[in-house]
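Visitor: predicted model and sequence follow; I will ask about them next.
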Amino acid sequence: MGFLDRVPSSVGVLSERVLGNHTLLTKYHGKIVEVEPESVLKDKYVLFLFGSCTAGDSFFQEIVFKLSTSYLEHVSGRRKHQRQDQLEIVFVSNDRDAANFDFLYGKMPWTAIPFHDPRRESVRKLFKVVELPKAIVVAPDGAVINRQAIKNIILDVDGSRWPYLSRPDTSCFCV
């Protein structure tokens, strides 16, 4: 098992080596606040969502809307059959300006690496992200368990595939 199959653990090493001692952004009672990475990621699966608000590109915005719906249903506990605290999403923007980041993150109910934070690039390099959008799920022990989570999100019509821990059935999936 190589380094890219097991990234640093979200409990300690992920926070230290990847996310560092810098804060993340999250939503609290409708406001954007800064939080320590460990306070929102400890013992959770983490879905790193890579994307940008490119002019005229509604595809990623549709993914954000679909994922937001599932995220809010699970966090609110409306889907009782699933652990509501099992997955946290971290948005890693590829936007070129803060206005686009602010616009897109304003539609997201989860955590993000701040726009001016250099960790955005280091996380993209760690996961070797070359095409967007991309979603990668990392287990609490640091194992990368789904590099194709974006396909799970696209195929998830009713939110039943949450939290996208297994690889998607792509036998009939064409992009």
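Guide: Received, thanks.

Visitor: what are the ranges of the strands in this structure?
Guide: 24-28, 31-35, 45-51, 87-93, 111-112, 134-138, 144-146 (DSSP state E).

Visitor: okay, the angle between the second one and strand 24-28?
Guide: Okay, so that is strand 31-35. 140 degrees (axes from the mean of the first three to the mean of the last three C-alpha atoms, to 10 degrees).

Visitor: other residues contacting strand 31-35?
Guide: By C-beta atoms under 8 Å, 6 or more residues apart in numbering, the residues outside strand 31-35 that reach it are 23-27, 105, 111, 114. Any C-beta I mention is one placed from the backbone N, CA and C, and that applies to glycine too.

Visitor: then it to PDB, C-alphas only?
Guide: The C-alpha atoms that make up strand 31-35 are tabulated as PDB, following Å, rounded to 0.1, in the frame of the first residue of the first chain:
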ATOM      1  CA  LYS A  31     -22.700  32.500   9.300                       C
ATOM      2  CA  ILE A  32     -19.200  31.600   8.000                       C
ATOM      3  CA  VAL A  33     -16.800  30.900  10.900                       C
ATOM      4  CA  GLU A  34     -13.300  29.700  11.300                       C
ATOM      5  CA  VAL A  35     -12.700  26.300  13.100                       C
END
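
Visitor: direction included, what does it pair up with?
Guide: Partners of strand 31-35 in the sheet, by DSSP bridges, are strand 24-28 (antiparallel).

Visitor: how close does the residue nearest to residue 123 when sequence neighbours are not counted get to residue 160?
Guide: Spatial nearest neighbour of residue 123, chain neighbours left out: residue 92 (5.2 Å); criterion: C-beta to C-beta, 6 or more residues apart in numbering. According to C-beta to C-beta, to the nearest Å, residue 92 and residue 160 sit 26 Å apart.

Visitor: neighbour-wise, which of these two wins?
Guide: Ranked by neighbour count (other C-beta atoms under 10 Å), residue 92 and residue 160 place residue 92 first, with 24 against 10.
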